[in-house]
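Sharing a sequence plus its predicted fold:
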Amino acid sequence: KAGVTQTPRYLIKTRGQQVTLSCSPISGHRSVSWYQQTPGQGLQFLFEYFSETQRNKGNFPGRFSGRQFSNSRSEMNVSTLELGDSALYLCASREENYEQYFGPGTRLTVT
Amino acid sequence: GEDVEQSLFLSVREGDSSVINCTYTDSSSTYLYWYKQEPGAGLQLLTYIFSNMDMKQDQRLTVLLNKKDKHLSLRIADTQTGDSAIYFCAEDGSARQLTFGSGTQLTVLP
């Protein structure tokens, strides 16, 4: 099976803009989670989607949102970008109650 | 709240064994994981252990779990230069999200 894929791999945006990141889970996996990785805060949970419904949300402002489509692909959106949003955004997928597999990440730089 | 702690750095000689330690707090965790991250890359799932197990061995990797002390360790036998990376411990707690440690930078010296 192909692994978790994320697009784009690299992105440069300007403060105030918005961005959409995409994640395609492993075939058959219906749970998709998003994490933010920064040098200062480490790896932090953003949200989890299962069968198109958000099941869990981390402690991030409302500028961070996501959705999941019927084919389990997921997108996350960040509006009104701030410099502090520069990070590696990681997507993970899993079958229900099984181990999580991560994608290569999207490196977002906000200038 | 949930917290996972790891030491930040570990250096070993090529061919020696490496042991990376981790402590966690959520006793309801179902899975405990070890992930590897190389520079510029995502997280590679190395191994995991069910919370009802004490030990798991997978080729050069051995995971030990002490539930009473909430202590997890990863032993890498015959460590190679290609094992140099950051290793993250993570727990899969009651909130259905992974809580990660800060990562241990493993440096393998020739």
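Thanks, I have it.

Which of the helices or strands spans residue B:64?
Residue B:64 is located in strand B:61-66, with elements delineated by DSSP states H and E.

what's near enough to touch the residue minimising distance to the centre of chain A?
What sits nearest the mean C-alpha location of chain A, by C-alpha atoms, centre = their mean, is residue A:34, with 3.5 Å. By C-beta atoms under 8 Å, 6 or more residues apart in numbering or on different chains, the contact set of residue A:34 is A:23, A:45-48, A:66, A:74, A:76, A:89-92. Heads up, the C-betas are built off the backbone N, CA and C, glycines and all.

separation between the residue nearest to it when sequence neighbours are not counted and residue B:24?
Excluding the flanking residues, the one nearest residue A:34 by C-beta to C-beta, 6 or more residues apart in numbering or on different chains is residue A:46, at 4.1 Å. According to C-beta to C-beta, to the nearest Å, residue A:46 and residue B:24 sit 21 Å apart.

now residue A:17
38 Å.

For residue B:2, report the pLDDT, please.
In this prediction, residue B:2 carries a pLDDT score of 60.

Tell me what residue A:87 is bridged to.
residue A:108 (DSSP bridges).

What is the neighbour count of it?
Neighbour count of residue A:87, defined by other C-beta atoms under 10 Å in any protein chain shown: 22.

So it is in contact with residue A:36, correct?
Yes - in this structure, residue A:87 is within contact of residue A:36 by C-beta atoms under 8 Å, at 4.8 Å.

Spatially nearest residue to residue B:48, not counting backbone neighbours?
Residue B:48 sits nearest to residue B:33 (C-beta to C-beta, 6+ apart), 4.5 Å away.

Could I get the contacting residues of the one you found?
Counted by C-beta under 8 Å, 6+ apart, residue B:33 has contacts A:99-100, B:45-48, B:88-92, B:98.

show me what contacts residue 69?
Since you didn't name a chain, this refers to chain A. Residue A:69 makes contact with A:52, A:75, according to C-beta under 8 Å, 6+ apart.

I was after chain B.
residue B:23.

Give me the phi and psi for it.
Main-chain dihedrals, residue B:69, degrees, to the nearest 10: phi -90, psi 0.

can you pull the contacts of residue B:45?
Shown in contact with residue B:45 (C-beta under 8 Å, 6+ apart): A:99-102, B:33-35.

nearest to residue A:54, of those?
Closest to residue A:54 out of these is residue A:100 (16.8 Å), distances taken as C-beta to C-beta.

Quick check, pLDDT for the closest residue in space to residue A:79 that isn't next to it in sequence.
What sits nearest to residue A:79 in space, not counting adjacent residues and going by C-beta to C-beta, 6+ apart, is residue A:18, at 4.4 Å. For residue A:18, the pLDDT comes out at 98.

What of the one 10 residues further on?
The per-residue pLDDT reported for residue A:28 equals 93.

Just after the host helix or strand of residue B:32, pick out the following helix or strand.
Using DSSP H and E, residue B:32 falls within strand B:31-37. Using DSSP H and E, the helix or strand that follows strand B:31-37 in sequence is strand B:44-50.

Buried residues, that next one. List them.
B:46-49 (16 or more other C-beta atoms under 10 Å in any protein chain shown).
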